[in-house]
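>>> Sequence first, predicted model second:
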Amino acid sequence: MIWKKIKVGFHKLGSPPVFYRVCQVVAPWLWAGAAVCAAFGLYKALFVVPPDYQQSDSFRILYVHVPAAWQAMAGYLVMSILAIIALVWRIRTTEIMAMMGAPIGAAFTTICLATGSIWGRPMWGTWWAWDARLTSMLVLLFVYLGIMGLYAAFEDKRKGARVACILILVGLVNIPIIHFSVEWWTTLHQGSTISFFGESSMDASMMPPLWWMVIATKLMFGAALLDRSRNELVEQDRRKGWVRQKMEATA
Amino acid sequence: MIPEFEYAPYVWTSYGIFAMIVAWQIVQPILKRKRLRAELQEELALAQGEYSDDPNA
Amino acid sequence: MTPTRKKRLAVVGLIVLSVGAAATVAITALQDNMLFFISPSDVHAQTLPADRHFRLGGLVSEGSVSRDPHSLLVSFQVTDGAHEIPVTFTGILPDLFREGQGVIAHGNIGPDGVFHAREVLARHDETYMPNEVARALEKAGTPHEVNMPTSRQAQNQSGY
């Protein structure tokens, strides 16, 4: 019984008007949650956490750099799952969501690369180095841009989405490379600080703002994804009846 | 600014970049929605034959 | 799941698997080229020609840094615990350049056996802690040991 209900609910999400409505209602709440988490996180990161014993206050860049980097990668995983669903079940709203994740992922990748560069200049002594971690992250940015470009190049959006979904799956191989680059090779970038299964090499007093910012970026990604997907859906369906009805209702 | 929190300018620059790019993620969909709405309303008016170049008509 | 969807899922799986296999092969083949730096033990194990430029990475030996009072000339030792290599550099060092911390120097070993660096980068490890914690660790006699990875060849030679 319950499974049938979930299944029906899932299929309803495939209907454009229902999907539009859900995005419209849920996105503002996600933005609100993100704002609260980011407020806590930024305040603690800038004014509460003690300076690092080596890098002093410069290490505070970590609280925007690391959450952005994780979101750039987590966003890609979300897109990959959506791409698999889109390719196997051909649900149009899923195709649209998979495509709309790319610009947001690219934005987080840009934050990661820019803040990392700004951090690297005073600490390491260089803006950029072609080590495995930095290079694989740059590749991620190009993969995101490639997905956007491919999708935009198609007149038939459904066909474009399917081709770009395949590119998403091809680019998926880069995600473990980014993560393990600091273990497989010698790099200028340091190893992973946070370990989910072992002990993290960051003092507990420095942890809370990181988690607030991680949650905030997750919510930001979700909210931006729903916002963009809703717009894309209306743009594609501009000549369809349900959009006309909506327009007449608000006009 | 509070003297105790006078970090190097690049710390603030990093946070600024973060804030700007995130803000764009909020603003872009709003701008696009406005543009879409204007376009659709125009199309709707055209389809219903209510379109006129003269705003006073 | 309908047969069509099963077939599509199989194709999706095949794409992911084949790309993964291709990447694994490429990475294994290019393993050595993807190292950003090599450790003093590696340099010790193979005698490189004097004009060969490479990146040397390790820790700056405690008490080894000496600065020329009349110029920007700095000399220090880079170590990975097993071997040490003397390095000279003329120029401005990054903020994090410190004794006992990680460093990556780009240059070549001259006929004098000294590594002449053209560029020096600091490398910090993944540990973050407040000053008080660092001092408490030192007081307790267990100061934080800076973690610097070593290149693969050195790892193989030392047996792990």
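Received, thanks.
>>> what about A:Ala34, which SS state?
Under DSSP: H, G, I helix; E, B strand; the rest coil, the three-state class of A:Ala34 is helix.
>>> Flag every residue of the stretch 101-250 of chain A that's near chain C.
Proximity of the stretch 101-250 of chain A to chain C (Cβ under 8 Å from any Cβ of the partner chain) is limited to residues A:122-126, A:129-132, A:166, A:169-170, A:172-173, A:177, A:182, A:184-188, A:190-193, A:201-203, A:205-206. C-beta: built from backbone N, CA, C; applies to glycine.
>>> Out of those residues, which end up buried?
In these, burial by neighbour count holds for A:122-126, A:129, A:131-132, A:169-170, A:172-173, A:177, A:182, A:184-188, A:190-191, A:193, A:201-203, A:206, counting by 16 or more other Cβ atoms under 10 Å in any protein chain shown.
>>> So which of those belong to helices?
A:Pro122, A:Met123, A:Ala132, A:Leu169, A:Val170, A:Ile177, A:Val182, A:Trp184 (DSSP state H).
>>> now the third one, nearest residue through space, not along the chain?
Spatial nearest neighbour of A:Ala132, excluding adjacent residues (Cβ to Cβ, 6 or more residues apart in numbering or on different chains): A:Ser181 at 3.9 Å.
>>> my guess is C:Asn147 is in a strand, correct?
No: if the criterion is three-state DSSP, then C:Asn147 is coil and not within a strand.
>>> quick one, what contacts it?
With contact set as Cβ atoms under 8 Å, 6 or more residues apart in numbering or on different chains, C:Asn147 has these partners: A:Gly191, C:Asp125, C:Glu126, C:Thr127.
>>> low-confidence ranges in the stretch 51-200 of chain A?
Applying pLDDT under 70 to the predicted model, the stretch 51-200 of chain A contains no residue that meets it.
>>> Residues of it that sit close to chain B?
Applying Cβ under 8 Å from any Cβ, one finds that the stretch 51-200 of chain A approaches chain B through A:57-58, A:60-61, A:64-65, A:68, A:104, A:107-108, A:110-111, A:114-115, A:118-119, A:121-122.
>>> Which residue, other than its chain neighbours, is closest to the residue of the stretch 101-250 of chain A found nearest chain C?
Per Cβ to the nearest Cβ, the residue of the stretch 101-250 of chain A with the smallest distance to chain C is A:Gly125, at 3.0 Å. The spatially closest residue to A:Gly125, leaving aside those adjacent along the chain, is C:Pro94, at 3.0 Å (Cβ to Cβ, 6+ apart).
>>> residues touching that neighbour, list them.
Residues counted as contacts of C:Pro94 (Cβ under 8 Å, 6+ apart) are A:Pro122, A:Met123, A:Trp124, A:Gly125, A:Thr126, C:Val120, C:Leu121, C:Ala122.
>>> repeat for A:Met73
If you count contacts by Cβ under 8 Å, 6+ apart, A:Met73 has them with A:Leu140, A:Ile175, A:Ile178, A:His179.
>>> which parts of chain B sit against chain A?
Proximity of chain B to chain A is assessed by Cβ under 8 Å from any Cβ, with B:5, B:7-8, B:10-11, B:13-15, B:17-18, B:21-22, B:24-26, B:28-30, B:32-33, B:36-37, B:39-41, B:43-44 identified as the residues in range.
>>> Swap in 10 Å and give it another go.
Counting by Cβ under 10 Å from any Cβ of the partner chain, the residues of chain B close to chain A are B:2, B:4-22, B:24-26, B:28-33, B:35-37, B:39-41, B:43-45, B:47-48.
>>> List only those of those flagged as buried.
When burial is judged by neighbour count using 16+ other Cβ under 10 Å, the buried members of these are B:7-8, B:10-12, B:14-15, B:17-18, B:21-22, B:25-26, B:28-29, B:32, B:36, B:40, B:43-44.
>>> Quick check: what element follows the lengthiest helix in chain C along the chain?
Using DSSP H, we find that the single longest helix of chain C is helix C:3-30. Moving toward the C-terminus from helix C:3-30, the first helix or strand encountered (DSSP states H and E) is helix C:40-45.
>>> now for that following helix, which elements pack on it?
Using 3 or more Cβ pairs under 10 Å, 6 or more residues apart in numbering or on different chains; DSSP states H and E as the contact criterion, the secondary-structure elements in contact with helix C:40-45 are strand C:54-60, strand C:73-79, strand C:84-90, helix C:152-157.
>>> Select, from the ones in helices among the buried ones among the residues of the stretch 101-250 of chain A next to chain C, the two members most distant in space.
Spatial extent of those (Cβ to Cβ) is set by the pair A:Pro122 and A:Leu169 at 39.0 Å.
>>> now the residue nearest to A:Ala132: how far from A:Leu140?
Noted for A:Ser181: a distance of 11 Å to A:Leu140, by Cβ to Cβ, to the nearest Å.
>>> what's the answer for A:Glu232, then?
Looking at A:Glu232 against A:Leu140, where the rule is Cβ to Cβ, the gap reads 22 Å.
>>> Of these two, give the one with the bigger neighbour count.
Here A:Glu232 and A:Leu140 are compared on neighbour count by other Cβ atoms under 10 Å in any protein chain shown; more neighbours surround A:Leu140, at 26 against 22.
>>> Could you tell me the angle between the direction of whatever helix or strand the more buried one lives in and that of helix C:3-30?
Secondary structure assignment for A:Leu140, by DSSP H and E: helix A:132-153. Here helix A:132-153 runs at an angle of 140 degrees relative to helix C:3-30 (axes from the mean of the first three to the mean of the last three Cα atoms, to 10 degrees).
>>> now for helix A:132-153, which elements pack on it?
Contacts of helix A:132-153 with other secondary structure elements, assessed using 3+ Cβ pairs under 10 Å, 6+ apart, are made with helix A:62-89, helix A:92-123, helix A:157-171, helix A:174-184.
>>> Not counting residues beside it along the chain, what's closest to A:Phe59?
The spatially closest residue to A:Phe59, leaving aside those adjacent along the chain, is A:Asp52, at 3.9 Å (Cβ to Cβ, 6+ apart).
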